[in-house]
Each structure stands twice: as C-alpha cells, then as structure tokens.
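Visitor: compute the structure for the input listed below.
(2 chains)
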Amino acid sequence: MAKVLVVTSGKGGVGKTTTTAALGAALAQSGQSVVVVDFDVGLRNLDLVMGAERRVVYDFINVVQGDAKLNQALIKDKRVDMLHLLAASQTRDKDALTEEGVARVIDELRQRFDWVICDSPAGIERGATLAMRHADVAVVVTNPEVSSVRDSDRIIGLLDAKTIRAERGERMEKCLLLTRYDAARAERGEMLKVADVLDILSIPLIGIIPESTAVLNASNLGSPVTISNPQSAAAQAYLQAAQRLMGIDIPVTVPAERRSFFQGLFGRRVA
Amino acid sequence: MDTATTIRKTIRFRGRSFLALVLAPEAPLAAWLTEFDVLRERSPSFFVNRPLVLDVGALDLDREALQTLVADLYARKVRVLGIEGAKASALGFGLPPGLSGGRVVDDIPAPEDETPAVGGAAAAPAGPPPQVPVPAVAPALYIEAPVRSGQSVMYPEGDVTIVGSVASGAEIVAGGSIHVYGALRGRAMAGCTGNPKARIFAQKFEAELVAIDGLYQIADELNPELRGRPVQIRLEDDTIYMSALD
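Guide: As a prediction, this is how the structure comes out:
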C-alpha cells in the first residue's frame, strides 16, 4: 500500500517545492515508484522545478473535476523512470479543489504508486488543509528562523487535528526537515541552532539541508538537485532524508560540524 | 374540548454553561477607565473577541450611568454579554441582560402560559450572586503532548498538567493550578474562575503572559533572571510572586 506524504510548512518560501522535487526524485532513484502532486493551485511551481512545464496538458484540477483521466494527466519524468508528476492548474483558483474529488484522486494514486508526495501551499487555509488531509506522513519544512519555526509549530498542531488520521484517533507521523541551514551563521548566533529548533518543535529530524548554490541552480535548470548535482552536500542530505523516510536508520549530522548536535547545544533562547 | 396549546409542538429550552470573564469596575469610574486603558494598551489583543460579564455590584449606578459605562466600554471594543449585580430598575431594553447565579445545566421546561414573556430577565438580578458550590476534588486534566502555537486549552473545572511544552502563541486557561513539565513559552492563566490559591509551575519558564485569579503580568515585566529556569508563581494579597525552584 502506498504512503501518502505531505510536504508542508506554515510560512512560504522555505523550500517546500524544492523539497518535494528532491525527495520525490531521491525516492524514485532508489527504485520506488513515486508521484509528486502540486496542490498549490493558482501558482504552479512544481512543474517548473521538475522541468516539465511544457509537457503539462491536463492538470490535477482536470482530474479532480473529471475532465481528464488520471492517465492523461500523469507526466512521466524523462530522467528517472519511476518518477511522475501531477501538475497544478495556473488558471484556476484553489476553490476548484473539492474534498470528494481530492479524496478520489488520492485513492486512485494510492493504488498505483509506492509514494504519493503532495506539495502543499503555504499557510493554514483550505489548500493547505486539503493537501494534508489524506497524508500518512508529514514532512514539515522549516528554516532556522523564528517566524518559520513558529508557523511550523502551528502547522504541526493542525496536522494533529485536521487530518483523517487524527480524526480516526490514529497518530500522524511527522518529521522535520531543516532547510537553508548555514552552520557558520548559526555558530555566530545569527540563526537558530538545530537544537533550539528541535527543542521548540519536538518532532524527529530527518535531515538538515545546507544553504547551497546547488539547490538554486537546480531549480533554475528545472531539475531536482538529487538528479542535477547528486554529489553536492544538499543532494546528499536529501538522499539521506529519503532513506530515513524509507525506514533506514542513519544518524543526522549537522553540516560543517563534525560533532553530533546533541552535544554542546546551549545556544540562544527563542523569544 | 382540546385547547390549542396541546396540539402545538413544544419548544425546548436547553441550558448551557459558558465561561466568561467578569470585569468589575470600581469607583471612581473615570479613574478606573484610565487604568483600564493602560491595561488594554499593554496587551491589546486580550479583550478582542472575548465577551465578558460586567459586575457592577460594587457601584451604585442608575440606568443612565450604567448606559454610559456600557457605551464607554463598547467604544474600547469590549463587548458586554451580561450585567451582574445591577439594580433591576437600571436594566431594561437597550442594555445587555442581567445575569445571576451562573450555572444552569439541565433542560429547562417550557414556561407556563402565566409566566410573563418579557420582564423576567430584568427582574432576575437582586443582591450578590449566590456562591457556586465547588466540588471538593476536581478532576485534573492531563495533556501528554506539546500544546502548539495557536491552540488554546480551557479547563475551568480544575488543574491542568502538561507533560510537554506550551509553545509561544498557545494558551492554557485553568480553574485551578497549571503545571508544565516542559518549557512554558505561551500564556498561562490559572485560577480563572476566581481562585487566588491557584499556582503556576513551569519546568522551563519563558512565558509570554501569566495570570492568577485575573491578575496578570506580561513577559516584559518578568524578572529576566528567572528565564529558562524552573519557576513557581503564586498570588499573595493581590501581588504576583515568582520564585525559582532550583
């Protein structure tokens, strides 16, 4: 049975779409069949980052509303066989997503793939709650800054209240992915330290993605960083995060710091 | 011969118990309002969307003065849902209804035909409200997960114990004491139903606001030395005392 994963955050611009693409590609590269679904209706970014913007004929909305078959809308990646994309519509708004329609499409995707990765829009409104509703696992993307951490805390609260799993009384699996981490700046106290973020959010960490030009280049090239530059530190961190999602136990290391983050972690307090 | 009343469908009246803040102005009113403005300025969002009961038992107001007071509060964006302790003659149409007692729990039978439909509310308040009996041992509420930003835990019945942290932007309101076995970063209000003996305990004290029995302090007024330490907060003679536990 497939696992439905939602990539979410409270604040915008923390790297949800980049993360969706990179994790999706990393999982597909290790032989799992993956579909990435763009829930950010009206903005449409995931297809750009995946380099498929010219191949979108039918989108998620068309399938939700029954104008197109799922098969017609799924775009197969040219580089990685097991990777598929369901793009969002740019011309419609998020009200075009209906609860029943989304449930039906997610169910259908569950039958066909090992992983269904939903790229959530930012915020706590309808689009975001629809994206998280059917998820089994949530990856909460956070930057090491106070506003991002605060908003993520709010989102974790919603994941425990507004998802189908939570309503059934089951536990929603949640994990934290810290992006745009700059070890030097954290050391100087200009950013929150990893330990501070974990202390506030208290959910398991599945990866720390270092601030890297490789990520920006990859987005501009329209290729997930794990494909375009697999040797870069950011790609390695994403590959390891994907392995942790598959249940492989590898310790998380803080970039550019050799020691584990559980030692010497007394940093600034958060306001 | 059947009367119309037996055929008519019965209208059901149900009781609900709500928790409301009670605001008790003191004379002289002008000075009290100035003081109130200072309070509002320090924590502007505190009264927004928080309907409250106005207790005018300590004042001797006639209808006109009461109307002015309600209007003054309304101008400050404070919505009064009921007035407690006012003279019956001072209340009536154009003012929030009078309240007394506070607790009605069971279904209320439909009023008999003889009961006058209007005027009942105005006749109700007379003298100080009766004391609500408090059960000897109130069950405590245990929360074994972090309370997240934006969440609010309301438990007027008794103590709240949180095994985890209270995030910045979260709120705990308890009738009794509040115990936080983690970091307290949000707001904690203990003794909200009028219990000055309630206390707040936090393993790691970084609160935005603490209140006991309606008296409160915000983060800026707190002693910076207590930050991040295990702390106990209690009330003595209307003064909040905080002390480190380590």
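Visitor: per-residue pLDDT of whichever residue of chain B sits closest to chain A, please?
Guide: Nearest to chain A in chain B, going by C-beta to the nearest C-beta, is residue B:148, at a distance of 3.1 Å. Backbone N, C-alpha and C define where each C-beta goes, glycine included. Listed pLDDT for residue B:148 reads 94.
Visitor: residues near it, how many?
Guide: 26 (other C-beta atoms under 10 Å in any protein chain shown).
Visitor: which residue sits closest to it, ignoring its sequence neighbours?
Guide: Nearest residue to residue B:148 in three dimensions, chain neighbours excluded: residue A:157, at 3.1 Å (C-beta to C-beta, 6 or more residues apart in numbering or on different chains).
Visitor: give me the distance between the one you found and residue B:170.
Guide: Distance check for residue A:157 against residue B:170: by C-beta to C-beta, to the nearest Å, it reads 8 Å.
Visitor: what's the answer for residue A:164, then?
Guide: Using C-beta to C-beta, residue A:164 is found at 24 Å from residue B:170.
Visitor: residues in contact with the nearest residue to residue A:63 once chain neighbours are set aside?
Guide: The shortest distance from residue A:63 to any residue other than its chain neighbours is 4.9 Å, reached at residue A:73 (C-beta to C-beta, 6+ apart). Contacts for residue A:73 (C-beta atoms under 8 Å, 6 or more residues apart in numbering or on different chains) come out as A:57, A:58, A:59, A:60, A:62, A:63, A:86, A:87.
Visitor: what touches both of residue A:157 and residue B:170?
Guide: B:148, B:149, B:150, B:151.
Visitor: now these as TSV including secondary structure?
Guide: What follows is the shared contacts of residue A:157 and residue B:170, written out as TSV (DSSP: H, G, I helix; E, B strand; the rest coil):
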residue	secondary structure
B:148	coil
B:149	coil
B:150	coil
B:151	coil
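Visitor: please enumerate the helices of chain B.
Guide: B:4-7, B:29-42, B:63-75, B:120-123 (DSSP state H).
Visitor: got the angle for the second one vs helix B:63-75?
Guide: Going by axes from the mean of the first three to the mean of the last three C-alpha atoms, to 10 degrees, helix B:29-42 is angled at 10 degrees with respect to helix B:63-75.
Visitor: buried set for helix B:29-42?
Guide: Across helix B:29-42, burial judged by 16 or more other C-beta atoms under 10 Å in any protein chain shown covers B:29, B:36, B:40.
Visitor: before we move on, what about stretch A:184-202?
Guide: Of the residues in stretch A:184-202, A:186, A:191-202 count as buried by neighbour count, 16+ other C-beta under 10 Å.
Visitor: so which of those reach chain B?
Guide: A:199, A:200, A:202 (C-beta under 8 Å from any C-beta of the partner chain).
Visitor: filter the residues you listed down to just the ones in helices.
Guide: Counted as lying in helices by DSSP H, out of those, are A:199, A:200.
Visitor: so can I have TSV of the ones next to chain B among the buried residues of stretch A:184-202 showing pLDDT?
Guide: Below are these laid out as TSV (pLDDT from 0 to 100):
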residue	pLDDT
A:199	92
A:200	93
A:202	93
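Visitor: mark which of the contacts of residue A:73 are buried, thanks.
Guide: Neighbour-count burial (16+ other C-beta under 10 Å) applied to those gives A:58, A:59, A:60, A:62, A:63, A:86, A:87.
Visitor: so which of those residues are in strands?
Guide: Per DSSP state E, strands hold the following members of those: residue A:86.
Visitor: from the buried ones among the contacts of residue A:73, which single one is nearest chain B?
Guide: For the buried ones among the contacts of residue A:73, the nearest to chain B is residue A:60 (28.4 Å; C-beta to the nearest C-beta).
Visitor: that older thread, rebuild the contacts of residue A:73 as CSV, extending it with pLDDT.
Guide: Below are these laid out as CSV (pLDDT from 0 to 100):
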residue, pLDDT
A:57, 91
A:58, 92
A:59, 92
A:60, 93
A:62, 92
A:63, 93
A:86, 96
A:87, 94
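Visitor: coming back round to it: the more surrounded of residue A:164 and residue B:170?
Guide: Neighbours were counted for residue A:164 and for residue B:170 using other C-beta under 10 Å; residue B:170 has more, 25 against 15.
Visitor: which ones are touching that one?
Guide: Residue B:170 touches B:147, B:148, B:149, B:150, B:151, B:152, B:153, B:185, B:186, B:187, counting by C-beta under 8 Å, 6+ apart.
Visitor: ok, and the most crowded of these?
Guide: The most neighbours of any of the contacts of residue B:170, using other C-beta under 10 Å, belong to residue B:185, which has 28 neighbours.
Visitor: ok, that one touching residue B:205?
Guide: No - contact criterion C-beta atoms under 8 Å: residue B:185 and residue B:205 do not qualify, at 9.1 Å.
Visitor: so which residues on the stretch 101-250 of chain A come close to chain B?
Guide: A:150, A:151, A:153, A:154, A:156, A:157, A:160, A:199, A:200, A:202.
Visitor: picking that back up, save the contacts of residue B:170 as CSV, and put in distance to residue A:36 too.
Guide: Putting these into CSV (distance: C-beta to C-beta, whole Å) gives the following:
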residue, distance to residue A:36
B:147, 33
B:148, 27
B:149, 28
B:150, 29
B:151, 31
B:152, 35
B:153, 37
B:185, 35
B:186, 36
B:187, 40
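Visitor: counting neighbours, what do you get for the residue lying closest to residue A:171 once chain neighbours are set aside?
Guide: Nearest non-adjacent residue to residue A:171, counting by C-beta to C-beta, 6+ apart: residue A:165, 7.2 Å away. Residue A:165: 20 surrounding residues under other C-beta under 10 Å.
Visitor: next: residue A:112.
Guide: 14.
Visitor: show me the contacts for it.
Guide: By C-beta under 8 Å, 6+ apart, the contact list for residue A:112 reads A:2, A:33, A:35.
Visitor: so which of these comes closest to chain B?
Guide: Chain B has its nearest neighbour among the contacts of residue A:112 in residue A:2, at 27.5 Å by C-beta to the nearest C-beta.
Visitor: how many other residues sit next to the closest one?
Guide: For residue A:2, using other C-beta under 10 Å, the count is 19.
Visitor: please apply the same query to residue B:60.
Guide: Neighbourhood size, residue B:60 [other C-beta under 10 Å]: 11.
Visitor: and residue B:79, by the same measure?
Guide: Quick note: residue B:79 (other C-beta under 10 Å) scores 14 neighbours.
Visitor: same check, this time on residue B:61
Guide: Neighbourhood size, residue B:61 [other C-beta under 10 Å]: 19.
Visitor: name the nearest residue to it, ignoring sequence neighbours.
Guide: What sits nearest to residue B:61 in space, not counting adjacent residues and going by C-beta to C-beta, 6+ apart, is residue B:90, at 5.9 Å.
Visitor: nearest to residue B:214 among the contacts of residue B:170?
Guide: residue B:187 (13.5 Å; C-beta to C-beta).
Visitor: residue B:171 is in contact with the closest one, correct?
Guide: Yes - the pair residue B:187 / residue B:171 is scored as a contact, 4.6 Å apart, by C-beta under 8 Å.
Visitor: what sits against residue B:143?
Guide: By C-beta under 8 Å, 6+ apart, the neighbours of residue B:143 are B:153, B:160, B:161, B:162, B:163, B:164.
Visitor: equivalent analysis for residue B:89, please.
Guide: B:62, B:63.
Visitor: get me the contact residues on chain B for chain A.
Guide: Within chain B, the positions near chain A by C-beta under 8 Å from any C-beta are B:145-146, B:148-151, B:164-165, B:167-169, B:183, B:185, B:206, B:227-228.
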